[in-house]
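A.B. asks: Make a model of this:
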Amino acid sequence: MAVPMKLSFTTLGCPHWDLNKIIENAARMGFDAVDFRGLLEDIDITRRPEFTMDLNRTRRLFADYGVAVSGIAISARFAVVDPSERMEQFDEARRNMALAAELDAPVVRIYGGRIPKGYDAETIMPFIVRNLQEIGDEAEDYDVTLALETHDDWVDSSLCARLMREVNHKRVRILWDLHHPYRMKGEPPEITYNNLAPYIVSIHVKDSIVDNNGNVRYVLLGEGTVPLKKMLNMLIEGGYEGYAILEWEKRWHPDLLDPEIVFPQYVQKMHEWLGEHIRRDRFAK
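C.D. replies: Model (predicted):
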């Protein structure tokens, strides 16, 4: 039996909202959860008072509005060789895993990152496998799952699937950015899903077009050419139990439409596309 899909958004899309506004709007617009990628001027939320000295108030605020935290997205990347660089990635992951545990967030998003100069996918594999196995052991202590995103040099789903097989750790899984393998690699959705299905614990949803100059431009859900509806239906039919997280990259691209427009449109379009497969008790009135 299909599990109703839950809706979330990453805070990349609302870089000027404070915490109160984020939570209030999430509830009002019909989202089940918030996924943190920065807050106001800080990309590292573990440094902010809302998640340090005021953490108890933050937890109460989420509870009062009936909104969950679907995850924390961080910059840590694990295709690294240099010991000092490796330590930096582990430290960032540890801080955020600890915070995720405090917020009852099930997932911390991580990167493979760019493959270092002088290495290729084959020669870097032993290093990233060891790194992910070690940080996966630590994730077990926090009861969180690390989700490596299909991003950077790890967009190819067959490479990601091989990585997951070699890591072979229940706390290290995949965040399928529905956009990247299709748009950046030209992968058919069926290929991507078949490769990644056993490992997917989180997804990012965004749409785009390619303009006449060959540039990718993000657009409202359903106004682009990424076959998102097909991808979402494959996930539902496969029993996906995670969140469908809108990733609207306004923090990086300030000219994008404002969240007051984009976020409600996402909720409405997802209900239009998926109907009974979306949780209906949080539908924005």
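A.B. asks: where exactly do the helices run in the stretch 151-285 of the chain?
C.D. replies: Ranges of helices within the stretch 151-285 of the chain are 157-167, 180-185, 189-196, 228-237, 259-274, based on DSSP state H, counting those that start in this stretch.
A.B. asks: Using CSV, list the CA coordinates for the last one.
C.D. replies: What that stands for is helix 259-274. Listed next in CSV are the C-alpha coordinates belonging to helix 259-274 (Å, rounded to 0.1, in the frame of the first residue of the first chain):
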residue,chain,number,x,y,z
PRO,A,259,8.9,32.1,-1.7
GLU,A,260,5.5,33.7,-1.1
ILE,A,261,4.7,32.7,-4.7
VAL,A,262,6.7,29.5,-5.2
PHE,A,263,5.9,27.6,-2.0
PRO,A,264,2.1,27.7,-2.2
GLN,A,265,2.2,26.8,-5.9
TYR,A,266,4.4,23.8,-5.1
VAL,A,267,1.8,22.5,-2.5
GLN,A,268,-1.1,23.0,-4.9
LYS,A,269,0.7,21.4,-7.9
MET,A,270,1.8,18.4,-5.8
HIS,A,271,-1.8,17.9,-4.8
GLU,A,272,-3.0,18.3,-8.4
TRP,A,273,-0.4,15.7,-9.6
LEU,A,274,-0.6,13.2,-6.8
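A.B. asks: can you give me the angle it makes with helix 228-237?
C.D. replies: 60 degrees (axes from the mean of the first three to the mean of the last three C-alpha atoms, to 10 degrees).
A.B. asks: avg pLDDT for helix 259-274?
C.D. replies: Mean pLDDT, computed over helix 259-274, is 97.
A.B. asks: buried ones in that helix?
C.D. replies: Within helix 259-274, the residues scored as buried using 16 or more other C-beta atoms under 10 Å are 259, 262-271, 274. Bear in mind the C-beta positions are built from the backbone N, C-alpha and C, glycine included.
A.B. asks: ok, of those residues, which one's closest to Asp211?
C.D. replies: Among those, Val262 lies closest to Asp211 (C-beta to C-beta), at 19.1 Å.
A.B. asks: so the closest one makes contact with Gly13?
C.D. replies: Yes: using C-beta atoms under 8 Å, Val262 is in contact with Gly13, at 6.4 Å.
A.B. asks: coming back round to it: now the helices of the stretch 151-285 of the chain in TSV, with distance to Ile45?
C.D. replies: Formatted as TSV, those follow (distance: least, C-beta to C-beta, whole Å):
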stretch	distance to Ile45
helix 157-167	26
helix 180-185	24
helix 189-196	27
helix 228-237	27
helix 259-274	18
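A.B. asks: Among the ones you listed, which comes closest to Asp120?
C.D. replies: helix 157-167 (10.9 Å).
A.B. asks: Report the residue spans of the chain with pLDDT below the cut-off.
C.D. replies: 1-2, 279-285 (pLDDT under 70).
A.B. asks: Tell me where it has strands.
C.D. replies: Ranges of strands within the chain are 6-10, 33-36, 68-77, 107-111, 145-149, 172-177, 200-205, 207-210, 216-219, 243-246, based on DSSP state E.
A.B. asks: And the longest helix seen in the chain, what does it pack against?
C.D. replies: When the chain is parsed with DSSP state H, its longest helix is helix 121-142. The contact analysis (3 or more C-beta pairs under 8 Å, 6 or more residues apart in numbering; DSSP states H and E) places helix 121-142 against helix 83-102, strand 145-149, helix 157-167, strand 172-177.
A.B. asks: Identify the residues contacting that helix?
C.D. replies: 78-81, 86, 89-90, 93-94, 97-98, 100-101, 108, 110, 112, 115-116, 119, 145-146, 148, 153, 159, 162-163, 166-172 (C-beta atoms under 8 Å, 6 or more residues apart in numbering).
A.B. asks: My read is that Leu178 contacts His204, right?
C.D. replies: Yes: at 6.5 Å, Leu178 and His204 qualify as touching, with contact defined as C-beta under 8 Å.
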